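1. Please find the sequence and the predicted model below.
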Amino acid sequence: MAQSARAIVIGGGIGGLAAAAALHQRGWDVTVFERAPSLEPVGAAISLAPNALRALDVLGIGDEIRDLAAWQGDGGLRTPGGRWLSRSNAEAAAARFGGPLVLLARTTLVDRLAALLPPGTVRTGAAASLADPGDGSRPARVICGAGEAEEREADLVVGADGVNSRVRGVLFPAHPGPVYAGFTTWRVLIPVPGADFASHETWGRGRIWGTHPLKDGRVYAYAAAMTPAGERAPDDEKAELRRRFGNWHDPVPAVIAAARPEDVLRHDVHHIARPLPAFHAGRVALLGDAAHAMPPTLGQGGNQAVEDAVVLAHHAHDLTAYTAARLPRTTAIARQAVKVARLNMARSRTAVAVRDTAVAALSKAGPALFLRSFDGIADWRPPYASGKEPAGNRQGRAR
């Protein structure tokens, strides 16, 4: 029996695990190396649009994720005082894009992806670095571990090691890498006693807040503000949220009050402003934030990583085709995310007044801005070797 092609995935986040699962599904012998001591993801929850759910259908877990997740779309955009600028509807979103937009804990998605892999596939607490990208006549080489490091050869190496990717640095040393997007983010995923509200995102002056209930009864909230890079609260980040958002409309103060200081995650946002020349070199492919880190303003970072994973598996023996399929799309979405960030993080009173008036007028004239922002994104469909979609790829089950 011929030996299976060997793949090494560097990075055990959502994109890396999805790529490993997609490659395993196609008969590859896969090993995942994750530097962190566990697969516990950084972050609280993830929004999945129909494009990512269709990619998860390819992996066979799309319907399971739909069942575990809360539908998004009932709610809309508000001002800090509570006035609705735009209303949206989950059923309308599902009808527009052929499936729901959903929200669930990142740990849930990571667990389901990891369960698709054979025992021993994922090695945590195990650093790996690219030594040689290889080419058409020789395999790639990866150094695994520290101290008495082990060298491994692979027919394919997947760089899924995040925004500060070391694999990317080896492939494209002249690329400037990520830049600061100008704002920082906070996230919490907590129970909020007595919570009963519609999902919303609220745009202020240089600040935004979003609150969304999950299906498991917890509340996911996120915030962002224009700040200097590296700035941190003098006391704790819960206190910083209270200072910046404590006088905003309900339920924002209640969510802040329910959080413990240790529940609040804060991270500066970096993105790849200059697109890479390719998403591959030799026998190495980049995906997710390593390839196209973008601001979170469209909620598409993780979605695009899952798309990358199934497309990479489809083109695993032709990485030029992988780049051709992914680079134009992700570049366009990243640019759109930057434009949305400029809109919702506007700081001057005049710009905010013009923005809010325009959003309200556009919403009265047609589909909500929330839905329009996903046109050309959420309707993506993955490639299928057979030319047919999996049976599970449908609009979604009851909420």
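-> Noted; the coordinates are in hand. Numbering: from 1, shown residues only.

2. Please name the spatially closest residue to residue 333 (chain neighbours excluded).
-> residue 300 (5.6 Å; C-beta to C-beta, 6 or more residues apart in numbering). C-beta coordinates here come from the backbone N, C-alpha and C atoms, glycine included.

3. same question but for residue 172, I mixed them up
-> Residue 172 sits nearest to residue 276 (C-beta to C-beta, 6+ apart), 5.9 Å away.

4. quick one: the one you found is in a helix?
-> No. Read with DSSP: H, G, I helix; E, B strand; the rest coil, residue 276 is coil and lies in no helix.

5. ok, it - contacts?
-> By C-beta atoms under 8 Å, 6 or more residues apart in numbering, the residues touching residue 276 are 168, 172, 175, 286, 291, 292, 327.

6. who wins for neighbours among those residues?
-> residue 286 (31 neighbours; other C-beta atoms under 10 Å).

7. show me the contacts for the residue lying closest to that residue once chain neighbours are set aside.
-> Nearest residue to residue 286 in three dimensions, chain neighbours excluded: residue 159, at 4.5 Å (C-beta to C-beta, 6+ apart). By C-beta under 8 Å, 6+ apart, residue 159 lies in contact with 10-11, 130, 165, 167-168, 171, 284-287, 290-291.

8. Give me the subset of those residues lying in strands.
-> When the contacts of residue 159 are checked against strands (DSSP state E), the matches are 10, 130, 284, 285, 286.

9. on that earlier part again, and the gap between the residue nearest to residue 333 and residue 112?
-> Distance from residue 300 to residue 112, counting by C-beta to C-beta, to the nearest Å: 20 Å.

10. How is the residue minimising distance to the centre of the chain assigned, secondary-structure-wise?
-> Centroid-nearest residue in the chain, with C-alpha atoms, centre = their mean: residue 302, separated by 2.0 Å. What three-state DSSP gives for residue 302 is helix.

11. mind listing what it touches?
-> Per C-beta under 8 Å, 6+ apart, neighbours of residue 302: 14, 15, 46, 47, 48, 52, 106, 288.

12. just checking, which of these belong to strands?
-> In strands, judged by DSSP E, the following of the contacts of residue 302 are found: 46, 47, 48.

13. Most neighbours among these, please name it.
-> Neighbour-wise, those (other C-beta under 10 Å) top out at residue 48, 27 neighbours.

14. Tell me which stretches of the stretch 1-150 of the chain form helices.
-> 14-25, 50-59, 62-68, 90-97, 106-114 (DSSP state H, counting those that start in this stretch).

15. where among these is the average confidence lowest?
-> Ranked by mean pLDDT, those bottom out at helix 90-97, with a mean of 87.

16. quick check: angle from it to helix 50-59?
-> On the basis of axes from the mean of the first three to the mean of the last three C-alpha atoms, to 10 degrees, helix 90-97 is oriented at 70 degrees to helix 50-59.

17. Can I get helix 90-97 in PDB, CA atoms only?
-> Taking Å, rounded to 0.1, in the frame of the first residue of the first chain, the C-alpha atoms of helix 90-97 are listed here in PDB:
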ATOM      1  CA  ALA A  90     -32.500  36.500  11.800                       C
ATOM      2  CA  GLU A  91     -35.000  35.000   9.400                       C
ATOM      3  CA  ALA A  92     -34.300  37.700   6.800                       C
ATOM      4  CA  ALA A  93     -30.600  37.100   7.100                       C
ATOM      5  CA  ALA A  94     -31.100  33.300   6.600                       C
ATOM      6  CA  ALA A  95     -33.300  33.900   3.600                       C
ATOM      7  CA  ARG A  96     -30.800  36.400   2.100                       C
ATOM      8  CA  PHE A  97     -27.700  34.300   2.400                       C
END
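
18. Tell me the buried residues in it?
-> 90, 92, 93, 94, 96, 97 (16 or more other C-beta atoms under 10 Å).

19. From residue 271, how far off is the first one?
-> Taking C-beta to C-beta as the measure, residue 90 falls 29 Å from residue 271.

20. thinking again about what came up before, now tabulate the helices of the stretch 1-150 of the chain in CSV and tack on distance to residue 317.
-> Conversion of the helices of the stretch 1-150 of the chain to CSV gives the following (distance: least, C-beta to C-beta, whole Å):
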stretch, distance to residue 317
helix 14-25, 11
helix 50-59, 17
helix 62-68, 25
helix 90-97, 31
helix 106-114, 23
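
21. Grab the longest helix from this structure for me.
-> Criterion DSSP state H: the longest helix present in the chain is helix 319-344.

22. which strands and helices sit next to whichever helix or strand comes after it?
-> Where DSSP states H and E defines the elements, the next helix or strand beyond helix 319-344 is helix 349-365. With contacts defined as 3 or more C-beta pairs under 8 Å, 6 or more residues apart in numbering; DSSP states H and E, helix 349-365 has these neighbours: strand 84-88, strand 199-203, helix 369-372.

23. got the angle for the second one vs strand 84-88?
-> So the one you mean is strand 199-203. 140 degrees.

24. Would you mind writing the CA trace of strand 199-203 as CSV?
-> In CSV, the C-alpha atoms belonging to strand 199-203 read as follows (Å, rounded to 0.1, in the frame of the first residue of the first chain):
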residue,chain,number,x,y,z
SER,A,199,-28.6,41.4,20.2
HIS,A,200,-27.2,44.7,19.3
GLU,A,201,-24.1,46.6,18.3
THR,A,202,-23.8,50.1,19.5
TRP,A,203,-21.6,52.8,17.7
